[in-house]
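[1] return atomic coordinates for the entry below.
(one chain, ligands or ions: 1)
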Amino acid sequence: MTPVPLRRARAAAERLAKQIRIRSPQDIELEDIAWMFGARVERGDLPGAHARLARIGDRAVIRLSSRVADPGAERFSIAHEIGHIVLGHDTPASDAVCEPTPRADTREAEANAFASELLMPEVLVRRRCEVSPVSFEVVRELARDYQVSLLAASLRFVELTSERCALVFAKQRRVVWVARSKSFGAFIPAGMALDQSSVAIDFFTKGSLYDGCQPVPADSWLEQSGAGDVEIMEDTATIPEMNAVMALLWIPERVAGRLERT
Ligand SMILES: [Zn+2]
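    The predicted structure is shown next:
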């Protein structure tokens, strides 16, 4: 069940998308949307932060670091700061790292939920998330069409799909966080060491990754007894600037029953 503040944030973005008649990704003109709320977008030096929101009376300035080179990441930063304005948050000090990742701070999580819904409206995107087989290939298309990072698109995909899949973010050979689809079922704990038979571990041991989705023993990721007899699918992608790897796990329908029975 989605926590209430996040539902409120998504609902606010949905209302806005309806109001400005977003019917395709090209309609999501973030600087125009910011201007609707009295905010100007500026780029410049911003030591130690990706984005900052400053209020001057009823005007606001969304200042972006010119160091953020990825246009997808920049779009997420702008949408996130618009979220703070629309949701009536007090001026946050700064968004040191403005990423679409799960955040412990409620206001940050709300601004992320708002940004994700504004940049990839559920009404436009849900149908694209109902695909099988699941792999980064479909997520990359989503990222390209909606001009967001692969990370943002992956999180949105996992949130909306009815397939059993999970996005694992790993650094230093350990799981940092996991986002699961509603039907995934299995639990993968943060802090878990990557299994030697996973594909993701190769990034840390060999410095390279197999290109494309491949079958792995289910027990390289899941704890269910008997999971070793079943194979699930694992696709991987690196985020070099974070020295991190993402693994997209998918439990195909044909093996789901065998996992659930054990
Ligand atoms: Zn923020």
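
[2] please count neighbours and contacts with C-alpha atoms only from this point.
    Noted.

[3] out of all residues in the protein, which is the farthest from the middle?
    What lies farthest from the middle of the chain is residue 57; by C-alpha atoms, centre = their mean that is 33.1 Å.

[4] which outside residues touch the helix or strand hosting residue 238?
    Residue 238 is located in strand 231-239, with elements delineated by DSSP states H and E. Residues outside strand 231-239 that contact it (C-alpha atoms under 8 Å, 6 or more residues apart in numbering) are 135-136, 198-200, 203, 209-218, 244-252, 255.

[5] pretty sure residue 199 sits against residue 212.
    No. The pair residue 199 and residue 212 does not pass the contact test of C-alpha atoms under 8 Å, sitting 10.2 Å apart.

[6] not counting sequence-adjacent ones, nearest residue to residue 55?
    Nearest residue to residue 55, sequence neighbours excluded (C-alpha to C-alpha, 6 or more residues apart in numbering): residue 61, at 6.4 Å.

[7] how is the one you found assigned, secondary-structure-wise?
    Following DSSP: H, G, I helix; E, B strand; the rest coil, the label given to residue 61 is strand.

[8] how much space is there between it and residue 82?
    Distance of residue 61 to residue 82, given as C-alpha to C-alpha, to the nearest Å: 10 Å.

[9] what about these two, which has more around it?
    Per other C-alpha atoms under 10 Å, whichever of residue 61 and residue 82 has more neighbours is residue 82, with 28 against 18.

[10] quick one: contacts for that one?
    34, 37, 111, 115.

[11] still on that earlier bit, so for residue 199 and residue 212, which residue has more residues nearby?
    More crowded of residue 199 and residue 212, by other C-alpha under 10 Å: residue 199, with 23 against 12.

[12] from residue 103, how far off is the more buried one?
    26 Å.

[13] where does the prediction get shaky in this structure?
    For the chain, applying pLDDT under 70 flags the ranges 1, 91-98, 225-228, 260-262.

[14] now the helices for it?
    Along the chain, the segments classed as helices by DSSP state H run 4-19, 30-36, 71-86, 106-119, 122-129, 136-146, 150-160, 201-205, 253-261.
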